[in-house]
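Asks: give me the fold of what follows.
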Amino acid sequence: MTEPENPRPLRLLIADDSNTDRLILQAMLRRQGHEVQAAEDGQAALKLYDCWQPDMVLLDVMMPRLDGVEAARQIKALAGETLVPVIFLTSLTDAGSLAQCLDAGGDDFLPKPYNPVIIEAKLRAFDRMRRMHETLSQQRDLIKARNEQLLEEQIIARRVFDNIAHTGCLNAPNIRYHASPMSVFNGDILFACPRPAGGVHLLVGDFTGHGLPAAIGALPVAEIFYGMTSKGFSGPDVLRELNQKLVRILPTGMFCCAAFADVDFRQGMLRFWNGGLPDGYLMYKSGDHQALASRHLPLGILAPERFVAAMEEYRVEPGDQLLLMTDGVLEAADEQGQHFGERRLAETLGARPTGASPVDHLVQAVQGFTGSARESDDLTLLGLRVTGQDPVALQSVSAARSAVTGPAFWRCSYQVEGQTLGQFNPLPLLLHVCMAVAGLRQHSGEIYTLLAELYNNALEHGVLELPSGWKNGPEGFSRYYAERERRLARVDGHYIRFELEHRMEGNGGQLVIRCQDSGRGFDPDAPEGEGGTSVYAGRGLSLIRQLSSGLSYNKQGNQAEVVYDWELSENGG
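Replies: Alright, predicted model coming up:
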């Protein structure tokens, strides 16, 4: 449908010091159906414009008090972003004078004497221009308001996401990270969560694409990562669940490049998995470094039955540092479009001062290289320093909060047997049973440690009959775990049984844990075994005694009983 030429009468302001010319033009414009107000000079025109807000202004060039040129300049300033055409009424023919009128903000001229046909045609043309400008301005304002709304929604969504995704230990004293997203919501993920028995899980990822669409998968990844880690699942278990979830929810062609690290400070062990991200780096305190290459496809590509979650193992010592990054580092470009690249990365890491944070050193180098060039990708780095004491063990790892208080008095029995001993980790399930009691959730770390020590001692020393003394040196450590895998293949007929019993007592309660294995049993007070070390030596027994109210064994030595007394802290469970 064609828009009418004049949807409403135009409001026209005339300023002319000639009474005759002013009255003639005023009558002519009113006959054409327009609303007209007239002023005798520029000063009066400004006052009329301010109170009447006309659609167009027709100004004589030569007027007393304030001429048309200066009046046009001030009217344009008052109009701001609103298009108010200014047409000069003049008998001037000098090119310089006419150019001065246009420079002052004039849009056209009407020569004297006036021609009604020309006037009407010019008014229609400028009205079309004016209405088009109004439409564009309205659309611009709508787009701006919509963009502001979308940005506000993204900021709110980001706050919700951060409350879910950053519930871990990124603020630990031995962790450094840098994240410079290209948008409020982006495809890079950066998670760190303490394990219940000590140590930490780290995850750095990069979804395909940028912005909100690329961040869609971040929420389920955060839920799985933090939920499973806090419940005691191993790194491979978490990776398998992440991959299966992303395969199910992501559209074809979308996936997540990721690096996953499991750091055990007490054992001095790093377990690592890389699927599609740039090399990670294990930077030894000696100054050497080792690349941790990608050996797997990204998460969300392979079907669960084809996905490989095996993690590589590395020995680490206090002072060693781990560095993970997304491809934004390698793809950072300078003003000439050259990428930072692998060569500069190697040179930068090689020039790192001894003991300096690789994250801070690398970020400074990348920013110095790119200068004022616009970022072309999200830039995310994560660094972790290995310490002698576990710096994140003191941070609370609680199960998910629930309004359900859970049972107060209960007893259960759970048995793992045969080949399941080598294929299944029952600890997350046992911890989940205990966490049904709301008050126990704030003690999840200690309870998991007790369950883990009892289970590992029953499996490795009771069923498999492995001596702890083998783990004292690097060669013995490798021998220990190689023999462990060999013996796990021959566990038919063996079992490990847990019996859990809980009762409420005052402002807390008591949890009794009994762990029995099918091994031949042992004497926990036996002084020495192979190599002059107690067969059941190490931190296990002393740690259990430290965390619990009591530890005892049956006569045969194949059943341990631990009593754990707990109380609610002031901030609740």
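Asks: looking at this protein, which helix is longest?
Replies: In the chain, with assignment by DSSP state H, the single longest helix is helix 116-165.
Asks: give me the mean pLDDT for that helix.
Replies: For helix 116-165, the mean pLDDT works out to 84.
Asks: how far off centre is that helix?
Replies: 31 Å (CA atoms, centre = their mean, to the nearest Å).
Asks: now for it, which elements pack on it?
Replies: Using 3 or more CB pairs under 8 Å, 6 or more residues apart in numbering; DSSP states H and E as the contact test, the elements touching helix 116-165 are helix 19-31, strand 56-60, strand 108-111, helix 211-215, helix 218-230. For the C-beta atoms, the positions are set from N, CA and C on the backbone; glycine is no exception.
Asks: surely residue 514 touches residue 561?
Replies: Yes - using CB atoms under 8 Å, residue 514 makes contact with residue 561 at a distance of 4.9 Å.
Asks: ok and the longest helix of the chain relative to strand 56-60, angle-wise?
Replies: 130 degrees (axes from the mean of the first three to the mean of the last three CA atoms, to 10 degrees).
Asks: following the chain past helix 116-165, name the next helix or strand.
Replies: strand 175-180 (DSSP states H and E).
Asks: residues in contact with the closest residue to residue 60 other than its chain neighbours?
Replies: Take residue 60 and drop its neighbours on the chain: the residue closest to it by CB to CB, 6 or more residues apart in numbering is residue 16, 4.1 Å away. Remark: with contacts taken as CB atoms under 8 Å, 6 or more residues apart in numbering, residue 16 is in contact with 22, 25, 38, 40, 58-60, 63, 89.
Asks: flag whichever of those scores worst on pLDDT.
Replies: Among the contacts of residue 16, pLDDT bottoms out at residue 89, giving 87.
Asks: what is that one paired to in the beta sheet?
Replies: Beta-bridge partners for residue 89, by DSSP bridges, are residue 60, residue 110.
Asks: wouldn't it be in contact with residue 21 here?
Replies: Yes - assessed by CB under 8 Å, residue 89 is found in contact with residue 21 at 7.2 Å.
Asks: name the residues contacting each of those two.
Replies: Taking CB under 8 Å, 6+ apart as the criterion, residue 89 and residue 21 both touch 60, 112.
Asks: higher neighbour count, these two?
Replies: A direct count of neighbours by other CB atoms under 10 Å for residue 89 and residue 21 places residue 89 higher, at 23 against 17.
Asks: now do residue 333 against residue 364, distance only.
Replies: 17 Å (CB to CB, to the nearest Å).
Asks: more neighbours, the two?
Replies: Each of residue 333 and residue 364 has its neighbours counted (other CB under 10 Å); residue 333 has more, 17 against 12.
Asks: quick check: the more buried one touching residue 339?
Replies: Yes - Residue 333 is in contact with residue 339 according to CB under 8 Å; the separation is 5.4 Å.
Asks: check contacts around residue 518.
Replies: Contacts of residue 518 (CB under 8 Å, 6+ apart): 462-463, 493-496, 558.
Asks: about what we covered before: which of the helices and strands packed on helix 116-165 comes out lowest on mean pLDDT?
Replies: Lowest mean pLDDT within those: helix 211-215, a mean of 66.
Asks: check what pLDDT residue 570 gets.
Replies: So, for residue 570, pLDDT stands at 61.
Asks: again with residue 333
Replies: pLDDT, residue 333: 89.
Asks: now swap in residue 480 and tell me
Replies: In this model, residue 480 carries a pLDDT of 80.
Asks: please report how far the nearest residue to residue 390 once chain neighbours are set aside lies from residue 355.
Replies: Nearest non-adjacent residue to residue 390, counting by CB to CB, 6+ apart: residue 265, 4.4 Å away. According to CB to CB, residue 265 and residue 355 sit 18 Å apart.
Asks: between those two, which one's more packed in?
Replies: residue 265 (21 against 9).
Asks: hmm, residue 388 and the more buried one touching each other?
Replies: Yes - taking contacts as CB under 8 Å, residue 265 lies within contact range of residue 388: 7.5 Å.
Asks: who does the residue nearest to the spatial centre of the chain form a beta bridge with?
Replies: Nearest to the mean C-alpha position of the chain, by CA atoms, centre = their mean, lies residue 189 at 4.7 Å. Bridge pairing for residue 189 (DSSP bridges) gives the partners residue 205.
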